[in-house]
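quick one, structure for this:
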Amino acid sequence: MNEQLFNLIEYTSRSVFLTGKAGTGKTTFLSQFVKKTNKNYIIAAPTGIAAINAGGVTLHSLFYLPLTNFVPTVEYIDRNIAINIPQLIPHFKYRKDKLKLFRKLEVLIIDEVSMLRADVLDMIDMALRSARRSPLPFGGVQLLMIGDLYQLPPVVKSASEQILYQHYKSPFFFDAKVLENISLITVELKKVYRQSDQHFLQLLDAIRNNDFDSLDFDLLHSRYKPQFNAQESYIYLVSHNYMADQINGERLKALPEKTRKYDAKIEGEFKEHLYPNESELILKVGAQVMFIRNDSSEEKRYYNGLLAKVVKLEEDGVTVTPDGQEREICVEREVWENNKYYADDDNKIREEVVGKYEQFPFRLAWAVTIHKSQGLTFDKVIIDAGQSFASGQVYVALSRCRTLEGIVLKSKIHSSAILNDSRIADFQFQTRIDYEIDELIHTEKYNYALQKMLQTIDIRWLKNEMQQWLNKNAGSKSVVFKKDGKGISSTDILQTIDELALVYEKFLNYVNAINQRERKEEHWLLIENKSVGAVQYFYDKVNQEVFSILIDLYSRTKGVKGLKEFNKSLKALLDNLEDYLSSLTSLTLLDKKLLQNKKERMNVKVEKTASHLITCEMFQKGKTPEEIAEERGFAISTIYGHLAKMASTPDFDLKRLFKEEQIFQFQQIFEKETCTGLTAYKQALPSSFEFNEIKILLEYFSSRAGKV
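This is a model prediction of the structure:
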């Protein structure tokens, strides 16, 4: 693993674009990084297949982004063409679990970023700023973007080009407006593991860089064989799905064996655009297939991109002979998982499996599209580039193969088909960093730790949120604040929040001033000591002066009829405060834990007082059933039903509900033991007795007679 690169991402807040030629190990770095990092991360990708392959989610599903063009303006835009900033904002009304996830996020990993459009990255920026209540780019979240801009570009439909080019220099992610305000750096992996032939590597470099002076067309066209008859273990690389489907269909039909269909087994949430291969896989003995993932068993019998020939088809297994091997292997179905991210009670981001797709891990592979070949390695390929290849596709197609000798060109590749964008080279040249990484880490790790601490402590968001809640509930009689058993006003709470914000700003200015001095141990110790005191102050003050007061209000109003919306909004405010306090408990400054004396705080999950207990408490305080019904807004029959649940208690005063004559009449029939059930008692008693009254009397006498 590239330790320098890991340390850069782990110990600074720098956003990084990780790139490199095909076969340089970008995917390997990603898998190793997520195993080792202590940061809260989410993996996402622009497309469903890329997301599933990376073990992540799609960007649109993660952020609830609209499937339309976005333009960064407040001016009127025809919604049939695109949406503007005011039209985008309503999409960011996230649930509390999603807000918690985004607020705990530290690094967003975007795989296959070459396919990400600039306007989509700007929407992600706005989503994170909104969710995290922060004006910083991406709300202060670090980005790790992985991909090769010389491979597949972002897809822009012709109808979208005009509106996007009015606002963006190009559709590439690096021309997003948000990136104008951050110091993004490019790190390029340079060692190629896929190819070793230097002549072939030089040829690929020349194509990648549009270097026609160095491009040896004679060497390239030595692989031009228009009359070549496709043999087993060769795979066609084509530009469009219909071309691959046509070739695969014709080759499958030509086989004499019977077809067999295998249906995928799908559980939970797994939408069709996420399917890694055909949900109805049709095979024959003799078919050429390509594995689309690595063997998950310990045997490691196959890998992603390996070709094989089908030799036997059974219900629970498909036996194949891998290319270049003599031994047969029986392949069983593999499972792909669709994951969602959530933040747990310990402020860690976890993955939850919400759907599964089970199918044999290969597809028909006499032909495959360039798009689906990205990231794969082949030994023998047939390429028909023609004039149909898009920018970057010639390089992708050629670089899939291990050797030049393994390539067959069905048509010559002319210079017009090598269409790489000069803006890519300009961007990477301006942002590339190579030898300065260690110096950058040393310089920025202290700043990163400090800014992370300041961002966590920052309480200024609370004033706006508290004011909005008060405005929303200004007319509610239920807003009765109490502190130490005495009433206080909303003005008192807002004043406390103002004081907290003022203290934070003084603390912010102090530590930033110290941090700007020459880096010395004594200066850092000053910041550490001040930070310990600040975290303790904010934890205690918010807990005692705001959180506990709102918890008291919540415990008194939860479950009361007519206050459902009131308590819903109060609970949301309390959840945000609890998340804030929880983040302070685990806050560190480099290796220094900052909260020294953690005092217990009340739990937001106040138990709801059962409705019948509220009724009985009011009854014990002297209120009549009629008064209780009027005050609580319930029917009188409901109140009698509540009281029946308490009639078995020793101190229940039956004479407050019934006259002595009524009690005597019921007792006479009860002692005869001839009635079973309320209906029998109703028939035996005078017609003036109601069912709810009978229920109370029966409960009362049964409990005292030792009967159930």
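
for Q451, what are its contacts?
The contact partners of Q451, by Cβ atoms under 8 Å, 6 or more residues apart in numbering, come to S13, G140. No exception for glycine: its C-beta is placed from N, CA and C like everyone else's.

quick one: it from F138, how far?
Distance check for Q451 against F138: by Cβ to Cβ, to the nearest Å, it reads 14 Å.

with K177 instead?
K177 is 12 Å from F138, where distance means Cβ to Cβ.

pLDDT of the top helix by length along the chain, averaged?
Of all the segments assigned as helix in the chain under DSSP state H, the longest by residue count is helix 490-515. Averaged across helix 490-515, the pLDDT comes to 94.

counting contacts, what elements does the helix or strand just after it pack onto?
Per DSSP states H and E, the first helix or strand lying C-terminal to helix 490-515 is helix 521-542. Where contact means 3 or more Cβ pairs under 8 Å, 6 or more residues apart in numbering; DSSP states H and E, helix 521-542 is packed against helix 437-457, helix 490-515, helix 564-585, strand 588-589, strand 592-593.

list the buried residues for the first one?
For helix 437-457, burial by neighbour count (16 or more other Cβ atoms under 10 Å) applies to 437, 440-441, 444-446, 448-454, 456-457.

out of these, what pair is the most spread apart?
The most widely separated members of these are I437 and I457, with 29.5 Å between them, by Cβ to Cβ.

and for Y224, nearest residue in space, chain neighbours not counted?
Once flanking residues are discounted, Y224 sits nearest to L409: 4.5 Å by Cβ to Cβ, 6 or more residues apart in numbering.

so what's that neighbour bridging to?
Y224, I383 (DSSP bridges).

residues in contact with it?
L220, H221, R223, Y224, K225, I383, D384, A385.

tell me the one of these nearest F92?
Using Cβ to Cβ, A385 comes nearest to F92 of the contacts of L409, at 43.3 Å.

can you pull out the strands in the stretch 251-400 of the chain?
260-263, 265-268, 280-283, 288-291, 307-313, 318-322, 329-331, 334-343, 349-359, 362-364, 367-369, 381-383 (DSSP state E, counting those that start in this stretch).

and the ones you listed: which comes nearest M466?
Distances from M466 to each of those were compared using Cβ to Cβ; the shortest belongs to strand 334-343, at 22.8 Å.

quick check: buried residues in the closest one?
Of the residues in strand 334-343, those with enough neighbours to count as buried (16+ other Cβ under 10 Å) are E334, W336, E337, N338, N339, K340, Y341, A343.

right, and the strands of the stretch 251-400 of the chain - which one's nearest V155?
That would be strand 367-369 among the strands of the stretch 251-400 of the chain, by Cβ to Cβ, at 13.3 Å.

could you say what helices and strands the closest one packs with?
Contact here means 3+ Cβ pairs under 8 Å, 6+ apart; on that basis strand 367-369 packs against strand 235-238, helix 241-254.

sheet partners, orientation included, of that strand?
In the sheet containing strand 367-369, the strands it pairs with under DSSP bridges are strand 235-238 (parallel).

alpha carbons only: can I get the strand it pairs with in CSV?
C-alpha atoms of strand 235-238 as CSV (Å, rounded to 0.1, in the frame of the first residue of the first chain):
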residue,chain,number,x,y,z
ILE,A,235,-13.1,-11.5,-26.8
TYR,A,236,-14.5,-8.7,-29.0
LEU,A,237,-14.3,-5.2,-27.5
VAL,A,238,-17.1,-3.0,-29.0
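
centre of the chain to it, how far?
Centroid displacement of strand 235-238 relative to its chain, using Cα atoms, centre = their mean, to the nearest Å, is 35 Å.

about what we covered before: so between K177 and F138, which is more surrounded?
Of the pair K177 and F138, F138 is the one with more neighbours under other Cβ atoms under 10 Å, namely 22 against 15.

quick one: the closest residue to S583 other than its chain neighbours from V542, how far?
Once its chain neighbours are removed from consideration, S583 has its nearest residue in T456; the separation is 5.2 Å (Cβ to Cβ, 6+ apart). Plainly put, T456 is 13 Å away from V542 if you go by Cβ to Cβ.

and if you look at E693?
52 Å.

got it, and K372?
For K372, the distance to V542 - Cβ to Cβ - is 52 Å.

between these two, which is the more surrounded one?
Using other Cβ under 10 Å as the criterion, K372 and V542 rank with V542 on top: 21 against 18.

you'd agree the more buried one is up against D579?
No. In this structure, V542 is not within contact of D579 by Cβ atoms under 8 Å, at 11.5 Å.

in stretch 349-361, what's buried?
For stretch 349-361, the neighbour count (16+ other Cβ under 10 Å) marks I349, G355, K356, Y357, Q359, F360, P361 as buried.

what's in contact with it?
For stretch 349-361, the external contacting residues (Cβ under 8 Å, 6+ apart) are 40-42, 101, 104-105, 262, 264-270, 274-279, 281, 291-293, 302, 318, 331-344.

and that stretch, how far out from the chain's middle?
From the chain centre to the centre of stretch 349-361 is a distance of 14 Å (Cα atoms, centre = their mean).

give me the mean pLDDT for it.
pLDDT averaged over stretch 349-361 gives 92.

tabulate the CA atom coordinates of it in CSV.
Backbone C-alpha positions of stretch 349-361 (Å, rounded to 0.1, in the frame of the first residue of the first chain) are rendered in CSV as follows:
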residue,chain,number,x,y,z
ILE,A,349,-20.6,5.0,10.0
ARG,A,350,-21.7,1.4,9.3
GLU,A,351,-23.0,-0.5,6.3
GLU,A,352,-26.3,-2.2,6.3
VAL,A,353,-27.2,-4.9,3.7
VAL,A,354,-30.6,-3.9,2.3
GLY,A,355,-30.7,-6.1,-0.8
LYS,A,356,-29.0,-9.2,-2.3
TYR,A,357,-28.6,-10.4,-5.9
GLU,A,358,-27.6,-14.0,-6.4
GLN,A,359,-26.5,-15.3,-9.8
PHE,A,360,-23.6,-17.1,-11.5
PRO,A,361,-20.6,-14.7,-11.6
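
name the residues that touch stretch 337-345?
Applying Cβ under 8 Å, 6+ apart, the set of residues contacting stretch 337-345 is 40, 42, 52, 55-57, 62, 97, 100-101, 103-104, 268-270, 274, 349-357, 582.

6 Å instead, please
Applying Cβ atoms under 6 Å, 6 or more residues apart in numbering, the external contacts of stretch 337-345 come out as 42, 100-101, 104, 269-270, 349-356.

check stretch 296-312 too.
So stretch 296-312 is contacted by 233, 283, 285, 287, 289-291, 293-295, 319-323, 328-329, 365, 376-377 (Cβ under 6 Å, 6+ apart).

buried subset of those residues, written for ChimeraX?
Those of the contacts of stretch 296-312 that count as buried under 16+ other Cβ under 10 Å are selected in ChimeraX with:
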select :233,283,285,287,289,290,291,293,295,319,320,322,323,329,365,376,377
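
in the stretch 101-250 of the chain, where is pLDDT below threshold?
Low-confidence segments of the stretch 101-250 of the chain, defined by pLDDT under 70, span residues 193-195.

hey, where'd the helices end up in it?
Counting by DSSP state H, counting those that start in this stretch, residue ranges of the helices within the stretch 101-250 of the chain are 118-132, 158-165, 198-208, 217-221, 241-254.

tell me which of these lies nearest to T19.
helix 198-208 (11.3 Å).

list the contacts of that closest one.
By Cβ under 6 Å, 6+ apart, helix 198-208 touches Y150, Q195, S214, L215, D216, L219, Y395, S399, L404, I418.

alpha carbons of it, as CSV, please.
As requested, the backbone C-alpha atoms of helix 198-208 are provided in CSV (Å, rounded to 0.1, in the frame of the first residue of the first chain):
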residue,chain,number,x,y,z
GLN,A,198,8.1,-1.3,-22.7
HIS,A,199,7.3,-0.8,-26.4
PHE,A,200,3.6,-1.5,-25.7
LEU,A,201,3.6,0.8,-22.7
GLN,A,202,5.2,3.6,-24.8
LEU,A,203,2.5,3.1,-27.4
LEU,A,204,-0.2,3.3,-24.8
ASP,A,205,1.3,6.5,-23.3
ALA,A,206,1.4,8.2,-26.7
ILE,A,207,-2.3,7.3,-27.3
ARG,A,208,-3.2,8.5,-23.8
